[in-house]
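Enquirer: starting from these lines, generate the structure:
(chains A and B)
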Amino acid sequence: DSGVTQTPKHLITATGQRVTLRCSPRSGDLSVYWYQQSLDQGLQFLIQYYNGEERAKGNILERFSAQQFPDLHSELNLSSLELGDSALYFCASSVPGRNEQFFGPGTRLTVL
Amino acid sequence: AQSVTQLGSHVSVSEGALVLLRCNYSSSVPPYLFWYVQYPNQGLQLLLKYTSAATLVKGINGFEAEFKKSETSFHLTKPSAHMSDAAEYFCAVSVNTGFQKLVFGTGTRLLVSP
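Expert: Predicted structure coming up:
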């Protein structure tokens, strides 16, 4: 158990819908990272937040957005969902100054 | 930009045999390198990391990796495979800023036969 929690574990929805994935980092970790794992794209970095502020963006679609709240939990919002958005979405957290990330168990999103 | 290449999408070994999973990196600045393991239907677990200290890094579950700058490699090894090692292994690179994203390789699935 990494200490990073993600909910829900599974999510099944239809095309065109909007979903919200939630992540709680390890106690004391200020940075949250979101990654997408799909069969065709592999593991890709989406976005990073540090203490409530966006720090870096990767290959994140405009239909996707994220935020980090004062209690440091983060949410990833996916809208106008397409079949190709079906993937595992991971959240990771890290401690300032320590270059290692701890991953949550992931949310498996299935878009039908 | 940083990148990693993992040679071999699948590696098969017998129980008790040497495990060697290959990773080559590309980075214009000194890299931080990681190996993660992913068991079926689970998240990624950090096996070991290289952060410019010792070039031979020991990790969990008997795994180790050696950073070779001249070969831009960071191969993962284990002297004797166990059935429980069957999983997918990812090599990843980041740079030394403390808050950098990980860039992952495509992964290598390790199959262990009795």
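Enquirer: list the contacts for the residue most central in space within chain B?
Expert: Taking CA atoms, centre = their mean as the criterion, residue B:35 is the residue nearest the geometric centre of chain B, at 3.3 Å. The contact partners of residue B:35, taken as CB atoms under 8 Å, 6 or more residues apart in numbering or on different chains, are B:21, B:23, B:46-49, B:59, B:63, B:65, B:74, B:76, B:89-92. (Glycine included, C-beta is placed from N, CA and C.)
Enquirer: repeat for residue A:69
Expert: Residues near residue A:69 by CB under 8 Å, 6+ apart: A:52, A:75.
Enquirer: what about it, distance to residue A:23?
Expert: Between residue A:69 and residue A:23 the distance, using CB to CB, to the nearest Å, works out to 11 Å.
Enquirer: what do those two both touch?
Expert: With CB under 8 Å, 6+ apart as the test, residue A:69 and residue A:23 both reach residue A:75.
Enquirer: only alpha carbons, please: show stretch A:94-105 as CSV.
Expert: Presented in CSV, the C-alpha positions along stretch A:94-105 are these (Å, rounded to 0.1, in the frame of the first residue of the first chain):
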residue,chain,number,x,y,z
SER,A,94,5.8,13.0,-4.0
VAL,A,95,7.6,14.8,-1.3
PRO,A,96,9.3,18.1,-2.1
GLY,A,97,13.0,17.5,-2.8
ARG,A,98,12.6,13.7,-3.1
ASN,A,99,12.6,12.6,-6.7
GLU,A,100,10.4,9.6,-6.4
GLN,A,101,6.7,9.2,-6.9
PHE,A,102,4.3,6.9,-5.2
PHE,A,103,1.4,5.6,-7.2
GLY,A,104,-2.2,4.9,-6.3
PRO,A,105,-4.0,1.8,-7.4
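Enquirer: which residues touch it?
Expert: A:2-6, A:9, A:23, A:26, A:28-31, A:33, A:35, A:50, A:90-93, B:32, B:34, B:36, B:42-46, B:49, B:51, B:94, B:96, B:98-100, B:102.
Enquirer: make it 6 Å
Expert: By CB atoms under 6 Å, 6 or more residues apart in numbering or on different chains, the residues outside stretch A:94-105 that reach it are A:2, A:4, A:6, A:26, A:29-31, A:90-93, B:32, B:43-44, B:46, B:49, B:98.
Enquirer: PyMOL command to pick out the buried ones of these?
Expert: Remark: buried members of the contacts of stretch A:94-105, expressed as a PyMOL selection using 16 or more other CB atoms under 10 Å in any protein chain shown:
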select buried, (chain A and resi 2+4+6+26+29+30+31+90+91+92+93) or (chain B and resi 32+43+44+46+49)
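Enquirer: all set now, cheers.
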